[in-house]
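Visitor: Task: produce atomic coordinates for the following.
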Amino acid sequence: MILISHRGNLSGPSEDENRPKYVIEALKQGYHVEVDVWYRNGTYYLGHDKPEHRTSGKLLRHPMVWTHAKDVKTLQNLLFSLEVHTFFLEGFGHTLTSRSYIWSSAEMLGQITKRSIIALPENNRRLTQKDLEFAHGICTDYVYKYGR
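Guide: The predicted structure follows:
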């Protein structure tokens with residue numbers, strides 16, 4: 001199972017999430033990381049609700065970084081300029097990543113496949129260990145809880 005750190009978090013939400021140094025620390029510990037990305041005026045930024053932390057294409061190209069494009073303009077640039085692993089999702093549901101994984105909100109219980117990444121399983125107490133083991137991976141704020 002792939003363990004993906006949500007915004008660089010390892011043991012719970014933090015004010016440092018989506019900061020490049022914080023993300024790099026999670027990568028150094030061997031975890032994949034999902035980051036929220038914005039593209040503005042030729043520059044990439046990390047940040048959940050708005051562009052906050054300038055970042056480099058080098059970080060976004062890291063093979064263990066999953067980029068969540070926060071708008072369609074960013075999606076286009078991530079796909080066709082940087083050619084990185086990316087997806088676009090507003091709200092809850094499913095979406096396909098550029099490497100053919102199904103990114104699924106934890107609320108989508110009963111619709112998980114062997115190619116699914118369950119986002120934030122901690123938000124759905126009805127998910128069982130069997131559900132988690134069936135999926136290809138999880139993206140969580142609590143990766144330490146799940147091991148390596």
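Visitor: So residue 37, which state does it fall into?
Guide: Here residue 37 is recorded as strand under DSSP: H, G, I helix; E, B strand; the rest coil.
Visitor: For residue 109, see how far away it is.
Guide: Applying Cβ to Cβ, to the nearest Å, the value for residue 37 to residue 109 is 28 Å. Yep, even glycine has a C-beta here, placed from its N, CA and C like the rest.
Visitor: Looking only at neighbour counts, state which of those two leads.
Guide: residue 37 (27 against 15; other Cβ atoms under 10 Å).
Visitor: how far away is the more buried one from residue 111?
Guide: For residue 37, the distance to residue 111 - Cβ to Cβ - is 26 Å.
Visitor: Residue 60 too?
Guide: Counting by Cβ to Cβ, the gap from residue 60 to residue 111 is 29 Å.
Visitor: just residue 126 next, same as before
Guide: Taking Cβ to Cβ, one finds residue 126 at 13 Å from residue 111.
Visitor: More neighbours: which of those two?
Guide: residue 111 (12 against 9).
Visitor: Which SSE is immediately downstream of the helix or strand of the chain with the lowest mean pLDDT?
Guide: The weakest-scoring helix or strand in the chain, judged by mean pLDDT, DSSP states H and E, is helix 129-134 (a mean of 88). Using DSSP states H and E, the helix or strand that follows helix 129-134 in sequence is strand 137-140.
Visitor: Just the mean pLDDT for that next one, thanks.
Guide: Taken as a whole, strand 137-140 has a mean pLDDT of 97.
Visitor: other SSEs contacting it?
Guide: Under the contact criterion of 3 or more Cβ pairs under 8 Å, 6 or more residues apart in numbering; DSSP states H and E, strand 137-140 touches strand 2-6, strand 116-119.
Visitor: Need the contact partners of that strand.
Guide: 1-6, 9, 32, 34, 66, 101, 103, 116-122, 132, 146 (Cβ atoms under 8 Å, 6 or more residues apart in numbering).
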